[in-house]
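>>> attaching a predicted model along with its sequence, questions to come.
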Amino acid sequence: MTTFEDVVSKAKSVAETAGKKTSDFIEVTKLRLDVAELEREMTAIFEGLGRMVYDAKKSGEDASSLVDDCVERLDECQSQIDTLRRTIDEYRYAVRCKTCGLPNPDDAVYCKKCGAKIER
């Protein structure tokens, strides 16, 4: 009977691991969608910023306060994207290279793209 219990125990362990990996995959997918949405928002802000600077230049108005607002919003979006990417890396058990930004395995000593030493 011990062999049967071992098989059942192994099957439960495999099922739990598969469930965890599926859950992690779903969460990473949601996070990537959030990143894509923030990147679209940044693109829209950049377009609006360019249009606003052009219009202000043509009319001779000072748009510096509006530019500052756009820059602040862009910085906020980029900060959120960076946070989401770090969370994605945690799910993927990876560390991001501080030199080139490429995700590497969590046990990497050097970046597989640029060769820089991985700092934690």
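Yes, it's here. Please read these numbers as outputs of a predicted model, since none were measured by experiment. Numbers count the residues shown, from 1 in each chain.

>>> what's the burial count for residue 103?
Neighbours of residue 103 under the rule other CB atoms under 10 Å: 18. Using the backbone N, CA and C atoms, a C-beta is placed for each residue, glycine as well.

>>> what sits against residue 46?
Contact analysis of residue 46 by CB atoms under 8 Å, 6 or more residues apart in numbering lists residue 74.

>>> looks to me like it is in a helix.
Yes. Residue 46 forms part of a helix when assessed by DSSP: H, G, I helix; E, B strand; the rest coil.

>>> how about the strands of the chain, start to end?
Remark: strands assigned in the chain by DSSP state E are 94-96, 103-105.

>>> name the residues that touch the last one?
By CB under 8 Å, 6+ apart, the list of residues contacting strand 103-105 from outside reads 89, 92-97, 111-112, 118.

>>> ok, those residues vs residue 10, which is closest?
Distance to residue 10, by CB to CB, is smallest for residue 93 among the contacts of strand 103-105, at 23.0 Å.

>>> before we move on, the earlier item: mind putting the strands of the chain in CSV, mean pLDDT included?
Output for these, formatted as CSV (pLDDT from 0 to 100):
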stretch, mean pLDDT
strand 94-96, 84
strand 103-105, 87
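
>>> want to throw those into JSON lines with distance to residue 51?
Output for those, formatted as JSON lines (distance: least, CB to CB, whole Å):
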{"stretch": "strand 94-96", "distance to residue 51": "34"}
{"stretch": "strand 103-105", "distance to residue 51": "35"}
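
>>> let's check: the centremost residue of the protein is which one?
residue 85 (1.9 Å; CA atoms, centre = their mean).

>>> I'd like the distance between residue 116 and residue 94.
Relative to residue 94, residue 116 is positioned 15 Å away (CB to CB, to the nearest Å).

>>> and if you look at residue 118?
Taking CB to CB, one finds residue 118 at 10 Å from residue 94.
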